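>>> Quick one, what's the 3D model for this:
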Amino acid sequence: MRKFLVTFHKVVPDDTGHDHRVLQRKAVVSASSDVAAAYAAKAMFREAAGVVDWRLRADTCEVVELVLHAA
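This next block holds a predicted model:
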């Protein structure tokens, strides 16, 4: 299984009207693909936040594969 870092961000404006991405949650997920990792992380987010849709708490979901380098 491969490992992925999945992050969720909410875009919020500051008092000057500029948008900022605020980290809502991150998770390291073992999965066979980036799509499977996103699916698993979204399910974990929904359960942890107690919502039926992760998009109620975040605007973006980003998946990055973690690669271990051998010495």
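
>>> which stretches of the chain form helices?
Using DSSP state H, the helices of the chain run over 34-49.

>>> Any stretches of the protein with poor pLDDT?
Low-confidence segments of the chain, defined by pLDDT under 70: 71.

>>> Could you measure from the nearest residue to residue 57 once chain neighbours are set aside over to residue 1?
Excluding the flanking residues, the one nearest residue 57 by C-beta to C-beta, 6 or more residues apart in numbering is residue 49, at 5.0 Å. Any C-beta I mention is one placed from the backbone N, CA and C, and that applies to glycine too. To residue 1, residue 49 is 25 Å away according to C-beta to C-beta, to the nearest Å.

>>> Tell me which of the two has more neighbours.
Between residue 49 and residue 1, counted using other C-beta atoms under 10 Å, residue 49 has the larger neighbour count: 16 against 9.

>>> Run through the residues that contact that one.
Shown in contact with residue 49 (C-beta atoms under 8 Å, 6 or more residues apart in numbering): 25, 56, 57.

>>> circling back to that earlier point, for residue 13, see how far away the residue nearest to residue 57 is.
22 Å.

>>> Next up, the contacts around the closest residue to residue 34 other than its chain neighbours.
In space, and not counting its chain neighbours, residue 34 is closest to residue 63: 4.5 Å by C-beta to C-beta, 6+ apart. Shown in contact with residue 63 (C-beta under 8 Å, 6+ apart): 4, 5, 6, 34, 37, 38, 41.
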